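Participant: Sequence plus predicted model, see below.
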There are 2 protein chains.
Amino acid sequence: MQLFSNDYFMNEALKEAQKAFNKDEVPIGAVVVCQNQIIARAHNLTETLNDVTAHAEMQAITAAAWHLGGKYLDQCKLFVTVEPCPMCAGALYWAQLGALYYGAPDEKRGYTTLGVKMLHPKTKVESGILQNESVQLIKDFFAQKRK
Amino acid sequence: MQLFSNDYFMNEALKEAQKAFNKDEVPIGAVVVCQNQIIARAHNLTETLNDVTAHAEMQAITAAAWHLGGKYLDQCKLFVTVEPCPMCAGALYWAQLGALYYGAPDEKRGYTTLGVKMLHPKTKVESGILQNESVQLIKDFFAQKRK
């Protein structure tokens, strides 16, 4: 079995972010990986669904749990293009996520800005994966918005 | 128009919590009120849906936004039988909720245990409404579970 890299999976999350961009949504994408396989893909749909809870991560958690037939994601990795917000971090806590990989930090609303432990103690975290690509997509989105 | 009291609305949230209890779910219920009218009702469905994000508050936010045709709940009040967790508080932040009324504190996983600001600055908060009834329902649930 071919083992895929973190960059490979983050690139798949970036493809999801691009889908959000194309729908005029803030371009954030996520994939959930279990045993080296993508079991859920999602992108931000807050405008389309008129729903503040429709972040990429929230949808990815729901879809992954549905795929697994169980609500815990302790054997899973979440790849998301931007640092999760407190809502999503709270959801990842409940899911007991195995590992979180994110691209760009969110200095305004990322969960780390709160300065308190939000994730499950078991969750490993790595950031900065394809960060430049994530940031560029967000920058392009807001530049286009301001036109 | 008859004006309903906070106790009246919390009692409606308790009815939702009872529905959760009857489904063998941790008994937490919520209603969203806009202009003295209930526009959304929900109860915890995490086991039924196999989804950690299916808290009463999350569903209530989604349903209320759907009802209003807009994602902001700044003109709304949320009545929930137990203190929201950080995930739900994060969602209420995004929704810019007008006012939060909760019954029992959650000393283990309530958002206030984090000791940081999680709600929107505009959100008013009142706690302790029909607290005894909320606590009793939770106690009954876990007593039954231990049998």
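Facilitator: Nice, thanks for sending it over.

Participant: Which residue is the nearest non-sequential neighbour of A:Asn11?
Facilitator: Computed as C-beta to C-beta, 6 or more residues apart in numbering or on different chains, the closest residue to A:Asn11 that is not its neighbour in sequence is A:Leu130, at 6.5 Å. The way it works is simple: take the backbone N, C-alpha and C, and place the C-beta from them, glycine included.

Participant: show me the contacts for that neighbour.
Facilitator: When contacts are counted by C-beta atoms under 8 Å, 6 or more residues apart in numbering or on different chains, A:Leu130 is found next to A:7, A:10-11, A:14, A:81, A:103.

Participant: So which of the residues you listed are in helices?
Facilitator: With DSSP state H as the criterion, helices contain A:7, A:10-11, A:14 from among the contacts of A:Leu130.

Participant: Show me what A:Lys124 is bridged to.
Facilitator: With DSSP bridges applied, the residues forming beta bridges to A:Lys124 are A:Ala99.

Participant: All the helices of chain A, in order from the start?
Facilitator: Taking DSSP H to define them, one finds helices in chain A at A:6-22, A:56-68, A:86-95, A:131-146.

Participant: With B:Thr48 as the reference, name the closest of these.
Facilitator: When the helices of chain A are compared for distance to B:Thr48 using C-beta to C-beta, the nearest one is helix A:56-68, at 12.3 Å.

Participant: Quickly check: that closest one near chain B or not.
Facilitator: Yes. With C-beta under 8 Å from any C-beta of the partner chain as the measure, helix A:56-68 is seen reaching chain B through A:58, A:61-62, A:65-66.

Participant: for the residues you listed, which one is nearest A:Ser134?
Facilitator: Of all those, the one sitting nearest A:Ser134 is A:Met58; the distance, using C-beta to C-beta, is 18.2 Å.

Participant: Quick check: that closest one touching A:Gly90?
Facilitator: No. Look at A:Met58 against A:Gly90 with C-beta atoms under 8 Å: they stay out of range, at 10.1 Å.

Participant: Could I get the buried residue list for the least confident helix or strand in chain A by mean pLDDT?
Facilitator: Of the helices and strands making up chain A, the lowest-confidence element is helix A:131-146, at a mean of 95, by mean pLDDT, DSSP states H and E. Along helix A:131-146, the positions that meet the burial threshold by neighbour count (16 or more other C-beta atoms under 10 Å in any protein chain shown) are A:131, A:133-134, A:137-138, A:141.

Participant: Might one say that A:Leu73 is in contact with A:Ala60?
Facilitator: No. Taking contact to mean C-beta under 8 Å, the distance of 9.3 Å between A:Leu73 and A:Ala60 leaves them out of contact.

Participant: Need the overlap of contacts for these two.
Facilitator: Contact with both A:Leu73 and A:Ala60 is made by residues A:Val32, according to C-beta under 8 Å, 6+ apart.

Participant: Give the residue spans of chain A that score low on pLDDT.
Facilitator: Filtered on pLDDT under 70, chain A yields the residue ranges A:1-2.
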